[in-house]
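>>> Just to be clear, the model below is a prediction. Sequence and coordinates:
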Amino acid sequence: MATSIEELKLNVLRNYSACDVSDALLKLQKLPEGTTARAGHIVDLVPFSPTIARSANLSKIIAPASTFKFIPKSDPIPIGDSGESHGFPAGTHWVDFAEPGTVAVIEQPAGQHCAVLGGIMAVRMKYLGVKGVVVNGRVRDLGEISECQLPVWARATSSVGTAAEAKPGARNVPVSLGGVTVAPGDIVFCDPLEGVVAIPRELLDQVLELMPKLVAMDDNVKEAVRQGSNVFDAFKKFRTKI
């Protein structure tokens, strides 16, 4: 669960968009030479619940990440994970480890056609107090997911259950989604209009400090353009180096 201080910070984030967050991360993150900047944006995610549409009228979902890593059905469970802190002990189900107050982030192996989240899992997560789910793969039972009002973002859908191709491999480990690594405790920012961004936990304070400056500069640029300025001159005048 987020601390009271962190909750205040997350509430401040609600005043901004996913684009504002990415603008800040683009300046703050230091990447190896030749690496493509992702700025926290997890690509190609679609909101499948509570409605299958992007909308400015829906609430942002902003919370720390808890993570689940699925692996191919035929792969062995990673050594050391079975029954330990990052695994799933015998006689348990992966979804029962979903953590209240978090966004559950699920990594599914690339190229699979089954779903890794369905109606029963969504209902259980909702009961446990999960704030939302982000899946870099497929989901199913959209009617049930929507009915339980659990916000769910995913890449696509399937009518096929998880057991056809996948199985849970580990929990609360770093997961990779579209070139963005999400670690447990990172802040997941689900913007119902602009998309999903992950903020590394260690950069949260810097993002909160930088965003107002960047937004103010862009507001000045937009006003200048409204008044007839060309964009080059407006950028030159108001977009200072930070």
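Sure thing, it's come through.
>>> By mean pLDDT, flag the weakest helix or strand of this structure.
helix 4-13 (a mean of 90; mean pLDDT, DSSP states H and E).
>>> Would you mind measuring from the residue nearest the centre of the chain to V133?
Centre of the chain computed as the mean C-alpha position; nearest residue by CA atoms, centre = their mean is V188, 4.3 Å away. Separation of V188 from V133 (CB to CB, to the nearest Å): 10 Å. C-beta here means a position set from N, CA and C on the backbone, and glycine is covered the same way.
>>> Report the set of residues contacting both of those two.
Shared between the contact lists of V188 and V133 (criterion: CB atoms under 8 Å, 6 or more residues apart in numbering) are residues V103, V105.
>>> circling back to that earlier point, a helix runs through the residue nearest to the centre of the chain, doesn't it?
No: per DSSP: H, G, I helix; E, B strand; the rest coil, V188 lies outside any helix segment and is strand.
>>> helices or strands up against the longest strand belonging to the chain?
Scanning the chain for the longest strand, with DSSP state E as the assignment, gives strand 61-72. In this structure, strand 61-72 packs against helix 4-13, strand 103-107, strand 166-171, strand 175-177, strand 187-191, with contacts taken as 3 or more CB pairs under 8 Å, 6 or more residues apart in numbering; DSSP states H and E.
>>> All the strands of the chain, in order from the start?
Using DSSP E, strands in the chain cover 41-42, 46-49, 61-72, 103-107, 132-135, 138-139, 152-154, 156-157, 166-171, 175-177, 180-182, 187-191, 195-199.
>>> okay, now N57: neighbour count?
Residues lying near N57 (other CB atoms under 10 Å) number 8.
>>> CA atoms only: put the longest strand of the chain into PDB for me.
Taking C-alpha atoms only, strand 61-72 is exported to PDB below (Å, rounded to 0.1, in the frame of the first residue of the first chain):
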ATOM      1  CA  ILE A  61      -5.700   5.000 -12.300                       C
ATOM      2  CA  ILE A  62      -2.400   5.800 -10.600                       C
ATOM      3  CA  ALA A  63      -0.900   3.400  -8.200                       C
ATOM      4  CA  PRO A  64       2.300   1.400  -7.400                       C
ATOM      5  CA  ALA A  65       2.900  -1.700  -9.500                       C
ATOM      6  CA  SER A  66       2.700  -5.300  -8.400                       C
ATOM      7  CA  THR A  67       3.900  -7.700 -11.000                       C
ATOM      8  CA  PHE A  68       3.300 -11.100 -12.400                       C
ATOM      9  CA  LYS A  69       5.500 -12.800 -15.000                       C
ATOM     10  CA  PHE A  70       3.900 -15.600 -17.200                       C
ATOM     11  CA  ILE A  71       6.000 -18.100 -19.100                       C
ATOM     12  CA  PRO A  72       5.300 -20.600 -21.800                       C
END
